[in-house]
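1. Model the following, please.
(chains A, B, C and D)
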2 protein chains.
Amino acid sequence: MSLPHVLLGLLWTSPSTGYDLARSLDEDVAPLWRAEMSQIYPALARLRRAGFVLLRVLGPRRGPRRNLYRITATGRRELKRWLAEPAAPPSSKDEGLTKIAFLEALPAPERHALLARYERTIGEEIRRLRDTAPPDGFRREARRGAVDRLEATRRWVRSLGGDSAVVAPPAAAPLKKR
Amino acid sequence: MSLPHVLLGLLWTSPSTGYDLARSLDEDVAPLWRAEMSQIYPALARLRRAGFVLLRVLGPRRGPRRNLYRITATGRRELKRWLAEPAAPPSSKDEGLTKIAFLEALPAPERHALLARYERTIGEEIRRLRDTAPPDGFRREARRGAVDRLEATRRWVRSLGGDSAVVAPPAAAPLKKR
DNA sequence: TCACCCTATATCTGAATTGATATAGTTTCT
DNA sequence: AGAAACTATATCAATTCAGATATAGGGTGA
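-> Below is the predicted model:
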């Protein structure tokens, strides 16, 4: 329900083609929101039907034809409406953390390996985000937020098994009420 | 591709019904992985076809019949295989953070309101996680990780607009290479 | 020139996910 | 007794999403 709104957000400052939207989604909005081309084109078609964007076909001066999408006044209103709407807390479906929740199933030596590998994975992602050119304005702040969050996760993974501290399962809760 | 594995993880220690799986998924694995009943029943059926779980129908002594699922040796092997497999870094599709990335579209006064509201939402989620009974072992650690991450996000939201500091968009990057 | 990569469009399949709905017995409160 | 809430099963439709595939012109380097 929100990919169309994300696209409106990207179109806020300047018109763009579907391809360029996909690229700036991938580069700027980075890990906060992802989408494949196969989602973007249908989403643009829906936005167009709803009157939130206008399509202008650029004649093939040089190269293939390009479809340029421009946000309309209605589209701007819709984006603002969506922004003002309350957002759900991050649900962050996370395969890595979920696996750690089931670490009990693994013999102790392998636990450490898993934690160490996951920590490396997160580290690489942080580096990747730092190395790619930062976007402007609030987009840059948002990326910083994403990095902060990754760093918090990495600290936590470290606290679990970085230095072979708690590779054994923690003691059971003294009291468990149900 | 992983809900079945999560279910295997939940079945690791003791057999359970689909209903109870849904409940402990919701209570223990909490925000890291969610699923509705409508996903769980088909997933259990697939696990059964794959030979990863066995179904025992409990006769309706008192009450309706209950379908009890028990993990098999093959299922345990499969869970371990999945755990050992490298996990992708958290992609954390996050509507709240994404909205902040497009804050430019909103007039300054409304920006502050949005940030404040999102901060409250996160705070409530943190409190909710703290108040519900903590699970045991690594599941508890995983929840702590989820809370840590939420707290990092809250700090970041505060740094953006908590005390009306940066409600104006930050200065543009001096250099942007493309 | 040929191969390869990039830009650019778009569709198709299948899986994952959500939300709504249906059924039915049990317990608990009023 | 009646209503409401809980346990428990299950299906359906609609949407979202990922991955693969198809087509085609342009630029670059061997």
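
2. Can you report phi and psi for A:Arg66?
-> phi -120, psi 140 (degrees, to the nearest 10).

3. which residues touch it?
-> If a contact means CB atoms under 8 Å, 6 or more residues apart in numbering or on different chains, then A:Arg66 has A:Thr17, A:Val57, A:Leu58 as its contacts. (Glycine included, C-beta is placed from N, CA and C.)

4. excluding its backbone neighbours, what's nearest the first one?
-> Setting aside the residues directly before and after it, A:Thr17 is nearest to A:Arg66 in space (CB to CB, 6 or more residues apart in numbering or on different chains), at 5.2 Å.

5. A:Arg144 and B:Trp156 touch, don't they?
-> Yes. Here A:Arg144 reaches B:Trp156: they are 7.1 Å apart, a contact under CB atoms under 8 Å.

6. Please report how far the residue nearest to A:Thr17 lies from DNA strand D.
-> From A:Arg66 across to DNA strand D, the span is 11 Å (CB to the nearest atom of the strand, to the nearest Å).

7. Would stretch A:15-24 count as contacting DNA strand D?
-> No. Stretch A:15-24 lies apart from DNA strand D when judged by CB under 7 Å from any atom of the strand; the minimum separation is 10.1 Å.

8. That stretch: which residues count as buried?
-> By neighbour count with 16 or more other CB atoms under 10 Å in any protein chain shown, stretch A:15-24 contains the buried residues A:Ser16, A:Gly18, A:Leu21, A:Ala22.

9. Restricted to helices, list those.
-> A:Gly18, A:Leu21, A:Ala22 (DSSP state H).

10. Now distance to B:Arg130 too, for the residues you listed, in CSV please.
-> Output for these, formatted as CSV (distance: CB to CB, whole Å):
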residue, distance to B:Arg130
A:Gly18, 44
A:Leu21, 40
A:Ala22, 40
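
11. closest to A:Ala88 among the residues you listed?
-> A:Leu21 (24.1 Å; CB to CB).

12. and stretch A:134-152, which residues are buried?
-> Neighbour counts using 16+ other CB under 10 Å place A:134-135, A:137-150, A:152 of stretch A:134-152 among the buried residues.

13. same deal with stretch A:147-167?
-> In stretch A:147-167, counting by 16+ other CB under 10 Å, buried: A:147-150, A:152-157, A:159-162, A:167.

14. Just the ones in strands from those residues, please.
-> Judged by DSSP state E, those include no members of strands.

15. and which of those is nearest to B:Gly96?
-> A:Arg149 (11.5 Å).

16. for the closest one, what are its contacts?
-> With CB under 8 Å, 6+ apart, A:Arg149 has these contacts: B:Pro90, B:Ser92, B:Arg149, B:Ala152, B:Thr153, B:Trp156.

17. if I read this right, A:Pro15 contacts A:Leu68, doesn't it?
-> Yes. Assessed by CB under 8 Å, A:Pro15 is found in contact with A:Leu68 at 5.2 Å.

18. list the residues that contact both of the two?
-> Common neighbours of A:Pro15 and A:Leu68 (CB under 8 Å, 6+ apart) are A:Arg56.

19. roughly how far apart are the residue nearest to A:Thr17 and A:Arg46?
-> A:Arg66 is 20 Å from A:Arg46, where distance means CB to CB, to the nearest Å.

20. So, low pLDDT: which residues of chain A?
-> A:1, A:59-64, A:162-178 (pLDDT under 70).

21. Spell out which parts of chain A neighbour DNA strand C.
-> A:17-20, A:37-38, A:41-42, A:44, A:63-68, A:93.

22. which one of those sits closest to DNA strand D?
-> Nearest to DNA strand D among the residues of chain A next to DNA strand C: A:Ser38, at 2.7 Å, using CB to the nearest atom of the strand.

23. Quick check on that closest one: phi, psi?
-> The phi/psi pair for A:Ser38 (degrees, to the nearest 10) is phi -60, psi -20.

24. what does A:Gln39 give?
-> Dihedral angles (degrees, to the nearest 10) for A:Gln39: phi -100, psi -40.

25. ok, the nearest residue to it once chain neighbours are set aside - how many residues close by?
-> What sits nearest to A:Gln39 in space, not counting adjacent residues and going by CB to CB, 6+ apart, is A:Leu3, at 6.0 Å. Using other CB atoms under 10 Å in any protein chain shown, A:Leu3 has 19 neighbouring residues.

26. who's in contact with A:Leu3?
-> A:Trp33, A:Ala35, A:Gln39, A:Ile40, A:Ala43.

27. Can I have the buried ones of the residues you listed as a PyMOL selection?
-> Buried members of those, identified by 16+ other CB under 10 Å, are gathered into one PyMOL selection as follows:
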select buried, chain A and resi 33+35+40+43
